[in-house]
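Trainee: A structural model of the following input is requested.
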Amino acid sequence: MQKGGQNPFEPALFGLPAIHGPSMTDFPDTERMDAMNAAICIHNDNELAQAWEKCIRPENAKRALKDCNAYFKTLGGAAEKTWAEIEACMLDRKKGGV
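Mentor: Presented below is the predicted three-dimensional model:
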């Protein structure tokens, strides 16, 4: 895709850095996410493979979760409130609710 990109917040909400290409004009805060290790910008297939390998290593999971959470804390809590609502719905569904 030459312009724009997919929402980088979705994987980051689950503690996984968003892996994206260089054109993220739809999400200008992606550069800040990159700087905080809540996202990874790649430019070719080798960098994509390296990013995937980094993300699947168990020793990186806690750090990734910490970095993603740190990014969302800078947003004033909106993401945290949204996640709390999503989590509540998921738990309710698991218990047999709607």
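Trainee: Every contact and neighbour count from this point should use C-alpha atoms.
Mentor: Will do.
Trainee: Quick check, Pro17 in contact with Met36.
Mentor: No: between Pro17 and Met36 there is no contact under Cα atoms under 8 Å: 9.9 Å.
Trainee: which of these two has more neighbours?
Mentor: Counted by other Cα atoms under 10 Å, Pro17 and Met36 do not tie: Pro17 has more neighbours, with 29 against 17.
Trainee: re the thing from before, now do the shared contacts for Pro17 and Met36.
Mentor: Counting by Cα atoms under 8 Å, 6 or more residues apart in numbering, the common neighbours of Pro17 and Met36 are Cys68.
Trainee: and the most centrally placed residue in the chain, what does it touch?
Mentor: The centroid of the chain falls nearest to Ala12 when counting by Cα atoms, centre = their mean (1.7 Å). Taking Cα under 8 Å, 6+ apart, we find Ala12 in contact with Ala18, Ala38, Ala39, Cys68.
Trainee: any idea which of the residues you listed has the most stuff around it?
Mentor: The most neighbours, when the contacts of Ala12 are compared by other Cα under 10 Å, belong to Ala38, which has 30 neighbours.
Trainee: Can I get the helix or strand of the chain with the lowest mean pLDDT in CSV, CA atoms only?
Mentor: In the chain, no helix or strand scores lower on mean pLDDT, DSSP states H and E than helix 78-94, which sits at a mean of 82. Coordinates of the C-alpha atoms in helix 78-94 are reproduced here as CSV (Å, rounded to 0.1, in the frame of the first residue of the first chain):
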residue,chain,number,x,y,z
ALA,A,78,-8.8,6.8,26.6
ALA,A,79,-7.3,3.6,25.4
GLU,A,80,-7.3,2.2,28.9
LYS,A,81,-11.0,3.0,29.4
THR,A,82,-11.8,1.5,26.0
TRP,A,83,-9.9,-1.7,26.9
ALA,A,84,-11.7,-1.9,30.2
GLU,A,85,-15.0,-1.9,28.3
ILE,A,86,-13.8,-4.5,25.8
GLU,A,87,-12.5,-6.7,28.6
ALA,A,88,-15.7,-6.4,30.6
CYS,A,89,-17.7,-7.5,27.5
MET,A,90,-15.4,-10.4,26.9
LEU,A,91,-15.7,-11.6,30.5
ASP,A,92,-19.5,-11.2,30.4
ARG,A,93,-19.6,-13.3,27.2
LYS,A,94,-17.4,-15.9,28.7
